[in-house]
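[1] model this:
(one chain, ligands or ions: 1)
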Amino acid sequence: MKLTKENFLCCPECKSNLSVSRQNGLNEFSKQFLVCSGCKKEYLKEGYYIDFTGGRELIYKGKWDKFIRSFYAKIYTPATNFMFLFCGGVKNAKKEVLSHLDLKDNSVVLETGIGAAENFYYLSREAKNLSFFGIDIQKQMLIHSARNLKKWNIAAELFLADAEELPFKDEMFDVVFHLGSINLFQNKEKAINEMIRVAKPGSKIVIADESEKGGKLMNLFTGSNDLVVPPVNLIPKEMLHVNIETIWKGYGFVIEFWKPMKK
Ligand SMILES: C[S@@+](CC[C@H](N)C(=O)[O-])C[C@H]1O[C@@H](n2cnc3c(N)ncnc32)[C@H](O)[C@@H]1O
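    Model prediction:
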């Protein structure tokens, strides 16, 4: 099969195939829609990304949380660099997670919640001929990503999508990882199962976020009282070599496990 992004895509809701349904106009401002062969939902292709969210956005815990998180999205890179000063610097913090990936030359890599695509920058220096796919639920993050990827001359396929309903067919990716937001997901188990579904049998999956200690620090900014519980108990029992470690000087956790080969 030729590696084109169309080969990877399916309807995020019912997982049926997609096809181009209609195009409004023929110039550079034209809009193309993909339609699902099952539930008939349409998804708009907007410039360099396809919107698979169906209007869904980040879930906020109130007005203050919405204000803080929207502001954070705008100043994402400097704000993240500042926050990671507590954990030994952003570069070390990212590498502490990325070193857990089973990355090889020619890997097809998916990150859910791509942020500003900085992890693709580091990974592109670790192996050759990688194919990058990234999704994020915030349009602002895809804007940051597209700008950075252009600056770094890295090719990647970007999608506006929810990590809990991935728009990819089963068993497409050699490397699947998430860094930095699962604590806030509405349905963490669904997001984990989606990562497993799209990962190839025999591949490794890595999930990292703030630990309880890091969550308490974040709560000072967001005003939330929620306690973080790393979602290791949500990993299905069929997964192999499930391991959780503390990272970022105690402010984070990383969970890693392997999807079994097919019998
Ligand atoms: C803290 S940032 C980390 C970004 C990136 N992974 C990194 O390490 O630099 C978390 C990202 O997850 C995204 N996100 C949060 N909830 C999401 C969801 N349900 N689906 C997809 N992305 C989500 C946010 O928009 C944000 O860009």
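
[2] in the host helix or strand of residue 253, what counts as buried?
    Assigning secondary structure by DSSP states H and E places residue 253 in strand 252-258. Of the residues in strand 252-258, those buried by neighbour count under the rule 16 or more other C-beta atoms under 10 Å are 252-258. C-beta: built from backbone N, CA, C; applies to glycine.

[3] Show me how far it is from its chain's centre.
    15 Å (C-alpha atoms, centre = their mean, to the nearest Å).

[4] ditto for stretch 151-171
    7 Å.

[5] could I get the buried residues of strand 252-258 as TSV with distance to the ligand and pLDDT?
    Shown next, in TSV, are the buried residues of strand 252-258 (distance: C-beta to the nearest ligand atom, whole Å; pLDDT from 0 to 100):
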residue	distance to the ligand	pLDDT
252	11	95
253	14	97
254	12	98
255	15	98
256	16	98
257	19	98
258	21	98
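
[6] Mind picking the two most distant members of those residues?
    Largest separation among the buried residues of strand 252-258 by C-beta to C-beta: 252 and 258, giving 21.2 Å.

[7] nearest spatial neighbour of residue 158, skipping sequence neighbours?
    Excluding the flanking residues, the one nearest residue 158 by C-beta to C-beta, 6 or more residues apart in numbering is residue 49, at 4.6 Å.

[8] where does the stretch 1-150 of the chain dip in pLDDT?
    For the stretch 1-150 of the chain, applying pLDDT under 70 flags the ranges 1-4, 24-30.

[9] all helices for it, in order.
    Along the stretch 1-150 of the chain, counting by DSSP state H, counting those that start in this stretch, helices occupy 5-8, 63-74, 76-83, 90-98, 118-124, 139-152.

[10] which residue sits closest to the most centrally placed residue in the chain in space, ignoring its chain neighbours?
    Among the residues of the chain, the one closest to the centroid is residue 112, at 1.1 Å (C-alpha atoms, centre = their mean). Nearest residue to residue 112, sequence neighbours excluded (C-beta to C-beta, 6+ apart): residue 163, at 4.0 Å.

[11] coming back round to it: output the helices of the stretch 1-150 of the chain as JSON lines; include the columns distance to the ligand.
    Listed next are these as JSON lines, based on distance: least, C-beta to the nearest ligand atom, whole Å:
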{"stretch": "helix 5-8", "distance to the ligand": "17"}
{"stretch": "helix 63-74", "distance to the ligand": "7"}
{"stretch": "helix 76-83", "distance to the ligand": "7"}
{"stretch": "helix 90-98", "distance to the ligand": "6"}
{"stretch": "helix 118-124", "distance to the ligand": "5"}
{"stretch": "helix 139-152", "distance to the ligand": "4"}
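
[12] Could I get these in CSV, plus columns for distance to residue 206?
    Shown next, in CSV, are the helices of the stretch 1-150 of the chain (distance: least, C-beta to C-beta, whole Å):
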stretch, distance to residue 206
helix 5-8, 20
helix 63-74, 23
helix 76-83, 19
helix 90-98, 7
helix 118-124, 11
helix 139-152, 19
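
[13] And the contacts of the strand holding residue 253?
    87, 93, 96-97, 100, 202-211, 214, 230-232, 235, 239-247 (C-beta atoms under 8 Å, 6 or more residues apart in numbering).

[14] Which members of the residues you listed are positioned in strands?
    Of the contacts of strand 252-258, the ones assigned to strands by DSSP state E are 202-210, 240-247.

[15] Out of the residues you listed, which end up buried?
    203-210, 247.
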